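A.B. asks: Provided below for reference: sequence and predicted model.
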Amino acid sequence: MLIYISLPFTGCEEQSKKRSAEIALQILREIPNATVINPVLNFSFCDNTVSYNKCIQMFLDLLSRCDIIVYEGKSKGVLLELETAKKEWVKIIKYEKDLNELKEYTDKWFLVLLHIFL
């Protein structure tokens, strides 16, 4: 299961890197079948070497292949990612410390897969 993390980045880059890493680690600890996609860290080379539009294009391309987007906060980029998630039928979940909604959804998703393949 691919889980994409979305949070504001522009203007708070270092804080966003730290926060996105915290969220990714929490998801990995609590949802064993998750593969976390963290564009803030995965594309950190984009800081000053690649245009904003190219970075967003890469983010959205990757997002379209994910099963879930977990977001925190609002920004132009986050809103664009949420809009793309809706168009691509990616499940949208707002980040909460207890991850209850995410756990519930992934548990159901895993049970469906077991039923299909068994």
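C.D. replies: Alright, I've got the coordinates.

A.B. asks: Next up, the contacts around residue 54.
C.D. replies: Under the criterion of CB atoms under 8 Å, 6 or more residues apart in numbering, the contact list for residue 54 reads residue 46. Backbone N, C-alpha and C define where each C-beta goes, glycine included.

A.B. asks: check which helix or strand covers it.
C.D. replies: Taking DSSP states H and E as the definition, residue 54 sits inside helix 52-63.

A.B. asks: Could you point out the helix or strand that follows that helix?
C.D. replies: strand 68-71.

A.B. asks: low-confidence ranges in the chain?
C.D. replies: Along the chain, the model assigns pLDDT under 70 to residues 11-12, 47, 109-118.

A.B. asks: ranges for the helices of it?
C.D. replies: Secondary structure of the chain by DSSP state H: the helices cover 13-30, 39-42, 46-49, 52-63, 76-87, 100-117.

A.B. asks: hey, which of the ones you listed is tucked in deepest?
C.D. replies: helix 39-42 (a mean of 19; mean count of other CB atoms under 10 Å).

A.B. asks: Tell me how far stretch 21-31 lies from the chain's centre.
C.D. replies: 11 Å (CA atoms, centre = their mean, to the nearest Å).

A.B. asks: didn't residue 86 look like it was pressed against residue 92?
C.D. replies: Yes - with the criterion set as CB atoms under 8 Å, residue 86 and residue 92 qualify as a contacting pair; they are 7.0 Å apart.

A.B. asks: quick one: which of the helices of the chain is nearest residue 69?
C.D. replies: Closest approach to residue 69 among the helices of the chain (CB to CB): helix 76-87, 4.6 Å.

A.B. asks: ok now the closest one, how far from the chain's centre?
C.D. replies: Shown here is helix 76-87, whose average C-alpha point lies 11 Å from the average C-alpha point of the whole chain (CA atoms, centre = their mean).

A.B. asks: what's the answer for stretch 36-54, then?
C.D. replies: For stretch 36-54, the distance between its averaged C-alpha position and the chain's averaged C-alpha position is 14 Å (CA atoms, centre = their mean).

A.B. asks: follow-up on the earlier one: just put the helices of the chain in JSON lines and tack on distance to residue 3.
C.D. replies: Compiled in JSON lines, those are given as follows (distance: least, CB to CB, whole Å):
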{"stretch": "helix 13-30", "distance to residue 3": "6"}
{"stretch": "helix 39-42", "distance to residue 3": "12"}
{"stretch": "helix 46-49", "distance to residue 3": "21"}
{"stretch": "helix 52-63", "distance to residue 3": "11"}
{"stretch": "helix 76-87", "distance to residue 3": "12"}
{"stretch": "helix 100-117", "distance to residue 3": "8"}
